[in-house]
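Asks: Below are the sequence and a predicted model; questions follow.
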Amino acid sequence: MALHPEVRQLLDQLAAAQAPAFSDLPPDQGRAAFAQLMGLIPPTDAAIGGTRELAIPTDEGTIGARLYLPADAAAPPPVLVFFHGGGFVIGDVSTYDHLCRALCAGAQCAVVSVDYRLAPEHPFPAAPDDALAAVRWVARNATDLGIDAGRMAVGGDSAGGNLAAGTAIRLRDEGGPALRAQLLIYPVTDAGDETQSMIDNAEGYLLTRVDMEWFLGHYVPEGTDLADPRLSPRRAERHDGLPPARVITAAFDPLCDDGRAYADKLEKAGVPVTRSHHDDTIHGFISFYTLFSGARREVDESCAWLHEQLAG
């Protein structure tokens, strides 16, 4: 199947603007360029009850987060702890604000979007350690936050999907808290696997193979074991006992096969998996849900799935 015309139009516009690749920029300029790109997305019309800035203490210091509360919640709502994308190097809470508002409104759940530490200033394992600390802090402080931590999910986009998957494994193995679901949006699940989709979609579709090498080069210190499940959740010794997963993939994404392979692992271990594959779009498409009709449908379907998993 060909790229959807809406997606092709965006790629053509970016090519005409001669926007530099992330791999051609130092990290601080890459972050600014990503923020500029995300700032071009039309704002969401999602109606929520409000937001609150949080400071989450960890063993290494304090990280920021933003709490989104649904409108007209009759009781403490369930919560999704969300980790943004950006290759562990770029991205932040603000660049994913529109998506978190949509998830909050559509799933009628609270969302805690975590500003985990970024590389190269804070290389692996800073991000997964922050992710685990954030989920546990949210659970401990549920009353103050006005949420029901007994109905908790994790989720994330790309690098954030990696953090969500890895955190679910660590919570299973390291004493909880328990999760109801994991929303994995084109996740990175194996840092060392060269898949066919990585070869086929190496360039021309927003995220390039060179960009991915640039991200990992900043994030992963030399000599790191790429099989460490905190880095490569797909290489964990076991995948049973994990919460139900929704795994979203896109055909024109270098990470397509990575996400599919993780869904295979989960299913083989008996974990309920909902696969949502999009034949006509690219990595990052969810962020453009106010532009792309397919992304809008995916957000709506993901919200319905989250609502079902967190109900009751």
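Replies: Okay, I see it. In this text, all values refer to a predicted model and were calculated from it rather than measured experimentally.
Asks: Show me which helix runs longest in the chain.
Replies: Longest helix in the chain by number of residues (criterion: DSSP state H): helix 293-310.
Asks: quick one: contacts of that helix?
Replies: With contact meaning CB atoms under 8 Å, 6 or more residues apart in numbering, helix 293-310 is reached by 4, 6, 78, 80, 99, 102-103, 105-109, 151-153, 155, 180-181, 183, 185, 243-244, 246, 248, 274, 276, 278, 280-281, 285-290. Backbone N, C-alpha and C define where each C-beta goes, glycine included.
Asks: And the strands in the stretch 1-150 of the chain, which stretches?
Replies: With DSSP state E, counting those that start in this stretch, the ranges of strands along the stretch 1-150 of the chain come out as 50-58, 61-69, 79-83, 110-115.
Asks: Give me the sheet partners of the second one and which way each runs.
Replies: What it means is strand 61-69. strand 50-58 (antiparallel), strand 110-115 (antiparallel) (DSSP bridges).
Asks: Now the longest one - C-alpha only, CSV.
Replies: In this case it means strand 50-58. What follows is strand 50-58 as a C-alpha-only set of coordinates in CSV (Å, rounded to 0.1, in the frame of the first residue of the first chain):
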residue,chain,number,x,y,z
GLY,A,50,-7.3,20.8,34.1
THR,A,51,-3.6,20.2,34.5
ARG,A,52,-1.1,20.4,37.4
GLU,A,53,2.6,20.5,37.3
LEU,A,54,4.4,17.9,39.5
ALA,A,55,7.8,17.4,40.9
ILE,A,56,8.7,13.8,41.4
PRO,A,57,11.6,12.9,43.7
THR,A,58,14.0,10.1,42.6
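Asks: That one: how far from the chain's middle?
Replies: How far strand 50-58 lies from its chain's middle: 18 Å, per CA atoms, centre = their mean, to the nearest Å.
Asks: Okay, helices next: where are they in the stretch 151-300 of the chain?
Replies: 159-173, 196-200, 209-219, 256-268, 293-310 (DSSP state H, counting those that start in this stretch).
Asks: related to what we said a few turns ago, most packed of the strands of the stretch 1-150 of the chain?
Replies: Highest mean neighbour count among the strands of the stretch 1-150 of the chain (mean count of other CB atoms under 10 Å): strand 79-83, with a mean of 30.
Asks: other SSEs contacting that strand?
Replies: Packing partners of strand 79-83 (3 or more CB pairs under 8 Å, 6 or more residues apart in numbering; DSSP states H and E): helix 97-107, strand 110-115, helix 126-140, strand 152-157, helix 159-173.
Asks: Could you dump the strands paired with strand 61-69 into a markdown table and include distance to residue 131 and mean pLDDT?
Replies: As requested, these are arranged in a markdown table below (distance: least, CB to CB, whole Å; pLDDT from 0 to 100):
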| stretch | distance to residue 131 | mean pLDDT |
| --- | --- | --- |
| strand 50-58 | 10 | 97 |
| strand 110-115 | 7 | 98 |
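Asks: which one of these lies closest to residue 140?
Replies: Closest to residue 140 of those is strand 50-58 (CB to CB; 10.4 Å).
Asks: re the thing from before, make CSV out of the helices and strands packed on strand 79-83 and add distance to residue 66.
Replies: Listed next are the helices and strands packed on strand 79-83 as CSV, based on distance: least, CB to CB, whole Å:
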stretch, distance to residue 66
helix 97-107, 7
strand 110-115, 5
helix 126-140, 12
strand 152-157, 14
helix 159-173, 14
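Asks: Tabulate the strands paired with strand 61-69 in JSON lines, adding columns for distance to residue 263.
Replies: Formatted as JSON lines, the strands paired with strand 61-69 follow (distance: least, CB to CB, whole Å):
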{"stretch": "strand 50-58", "distance to residue 263": "30"}
{"stretch": "strand 110-115", "distance to residue 263": "23"}
